[in-house]
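> sequence below, structure please.
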Amino acid sequence: MREPEDREQLLALLHSAFERNLLDADALSIIEGALQVSDMPVREVMIPRAQMDVIDIDDPLEKIVQTALRTAHSRFPVIGENRDDVIGILLAKDLLRLMSGDDDSLRDMLRPAVFIPESKRLNVLLREFRASRNHMAIVVDEYGGVAGLVTIEDVLEQIVGDIEDEYDFDESADNIRADQTGRYRVKAATEIEDFNEVFGTAFEDDDYDTVGGLVIHQLGRLPKRGEVVQIDALRFTVLRADSRRVHALMVDRLPQPAAPAAGE
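Numbers count the residues shown, from 1 in each chain. Just a heads-up that it's a prediction; the model follows:
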């Protein structure tokens, strides 16, 4: 066989190898993801500024702890006057020292923040993450303002797909799980029929088979993490998604308007 002369021919060769059972589906997906990362800028995978979970340097300890419990992140940007004023990064594990009553202040515990441009390529960023052992970077626009943030997990997921976290469930019986607030964490792969049974809905499955397909169909495109869409009386919040598919959603019922009293 001739050697491939460009990326398209290389991908065609890889797909041919897959069809002849020389590569399995996971290996092909990872190779494609690695090739994609070399061309993808940070702006395409970053968490946008408006969706960043941040801690204000002046927040009381109780509020900081509540933020850490609610979001379940391991790292938080800490800001001063506004979101453009990122002072440093707080590790959730360092909160234990604050709660223990040590003399250290919040400012003393902050790790230096790493700032990168929106145009940085993901393969370059991954190499820098590995070299510096940083797991988070703040993304800035051409004017120096904060545009968002990106983590090493965001980069790796472009290569290997979704990485298990607090929103992943092992058993199919746990595809739909209620949390303490009354909302539901739902695997995007949950079949429409199962979803209808739990929520008492009547979504059709002619054009899609899963809840993730329902959300994509409603938006007309692949959503990003943190996006919210309302369908009938339900609100869907994307908990986890990458450039290829949706993985997990938060679903809660919207309050219904009170029925008018008799005679009104």
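
> lowest-scoring secondary structure element of this protein by mean pLDDT?
helix 25-37 (a mean of 78; mean pLDDT, DSSP states H and E).

> how near is Asp207 to Leu69?
Separation of Asp207 from Leu69 (CB to CB, to the nearest Å) stands at 39 Å. Just so you know, the C-beta spots here come from the backbone N, C-alpha and C atoms, and that holds for glycine as well.

> could you dump stretch 149-159 to CSV, C-alpha only?
These are the backbone C-alpha positions of stretch 149-159, laid out as CSV (Å, rounded to 0.1, in the frame of the first residue of the first chain):
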residue,chain,number,x,y,z
LEU,A,149,-10.7,27.9,32.2
VAL,A,150,-9.5,24.6,31.0
THR,A,151,-8.4,21.5,33.0
ILE,A,152,-6.2,18.6,32.1
GLU,A,153,-9.3,16.4,32.2
ASP,A,154,-10.9,18.6,29.5
VAL,A,155,-7.9,17.9,27.2
LEU,A,156,-7.6,14.2,27.9
GLU,A,157,-11.3,13.7,27.2
GLN,A,158,-10.8,14.9,23.7
ILE,A,159,-8.5,11.9,23.2
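
> buried stuff in that stretch?
Across stretch 149-159, burial judged by 16 or more other CB atoms under 10 Å covers 149-152, 154-159.

> which residues sit against that stretch?
Applying CB atoms under 8 Å, 6 or more residues apart in numbering, the contact partners of stretch 149-159 are 30, 33-34, 36-37, 40, 42, 45-47, 52, 75, 77, 116, 122, 125-126, 129, 134-139, 163, 165, 242-243.

> quick one: buried ones out of these?
Buried by 16+ other CB under 10 Å: 33, 36-37, 40, 42, 45-47, 52, 75, 77, 116, 122, 125-126, 129, 134, 136-139, 242, out of these.
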